[in-house]
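Q: From the sequence below, what's the structure:
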Amino acid sequence: MGVTAEEYLGQWDADRRFNLPETTAGTVRLDVAAHDCTDHWYLTVADQHVQVSRSADDADLVIRADRQVFDQMVSGELHPGAALLRHELTVQGDMRLLMVLRRIFAGPSGARHPRELGRAAVASRASGGRADADDPRRGVADASASGRGTADAREGRP
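A: Modelled structure (predicted):
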């Protein structure tokens, strides 16, 4: 695993985050439980900026979880919504702000934006190149090009 939630939030800069919606505003308190103590992180979101401080003040959304859960969310290994559904975290307040965490925390290692994948596919077709051998969709593309039905290709039938 990469950095911990404490390291990630401790080195946070208040630069503009263009991946946050411009209209999102609110406060989020993260209650990070470890052993017999709880650390509190306070995030203020406004105008695509996120300011991080240490405070136990009331917030629009309070999220409570073990340190391990927050560490997995920071590294992109765990989606906040999935953690909520598995009861690995509890929330109280404005649920819309929960999805902001997904944009604040880093994504999975090696993840790429879907537009990048689309641009790479278009560039590959334009240059006459074939799909990458590591691409799991390659079999579907090859099957449809050879005249076999795409339903057969998706189901793994020859």
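
Q: Check the gap between A25 and V3 for me.
A: 27 Å (Cβ to Cβ, to the nearest Å). The way it works is simple: take the backbone N, C-alpha and C, and place the C-beta from them, glycine included.

Q: and what of S55?
A: Separation of S55 from V3 (Cβ to Cβ): 21 Å.

Q: As a check, name the ranges of all strands in this structure.
A: Here the chain has its strands, by DSSP state E, at 26-34, 37-46, 49-53, 61-66, 89-93.

Q: low-scoring stretches of this protein, by residue?
A: 1-2, 106-113, 129-158 (pLDDT under 70).

Q: In this structure, mark out all the helices, start to finish.
A: 5-10, 67-74, 80-85, 98-104, 114-126, 138-145, 150-154 (DSSP state H).

Q: Which residue, other than its chain neighbours, is closest to L97?
A: L61 (4.2 Å; Cβ to Cβ, 6 or more residues apart in numbering).

Q: so the one you found makes contact with Q92?
A: Yes - using Cβ atoms under 8 Å, L61 makes contact with Q92 at a distance of 7.3 Å.

Q: The two: which is more packed in?
A: For the pair L61 and Q92, the greater number of neighbours falls to L61 (21 against 13), based on other Cβ atoms under 10 Å.

Q: give the contact list for that one.
A: L61 makes contact with G26, T27, V28, R29, V91, Q92, G93, D94, M95, L97, L98, according to Cβ atoms under 8 Å, 6 or more residues apart in numbering.

Q: Please apply the same query to A65.
A: By Cβ under 8 Å, 6+ apart, the contact set of A65 is D31, V32, A33, A83, E88, L89, T90.

Q: If we use 10 Å, what do you get?
A: 5, 30-33, 71-73, 78, 80, 83-84, 87-91 (Cβ atoms under 10 Å, 6 or more residues apart in numbering).

Q: do R96 as well
A: Contacts of R96 by Cβ under 10 Å, 6+ apart are P21, T24, G26, D60, L61.

Q: can those go into TSV with extra columns for distance to R115?
A: Shown next, in TSV, are the contacts of R96 (distance: Cβ to Cβ, whole Å):
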residue	distance to R115
P21	17
T24	21
G26	28
D60	31
L61	29
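
Q: and the helices of the chain, which is most packed in?
A: Mean neighbours per residue, mean count of other Cβ atoms under 10 Å, is largest over these for helix 67-74, with a mean of 22.

Q: Counting by contacts, list what that one packs against.
A: Where contact means 3 or more Cβ pairs under 10 Å, 6 or more residues apart in numbering; DSSP states H and E, helix 67-74 is packed against helix 5-10, strand 26-34, strand 37-46, strand 61-66, helix 80-85, strand 89-93, helix 98-104.
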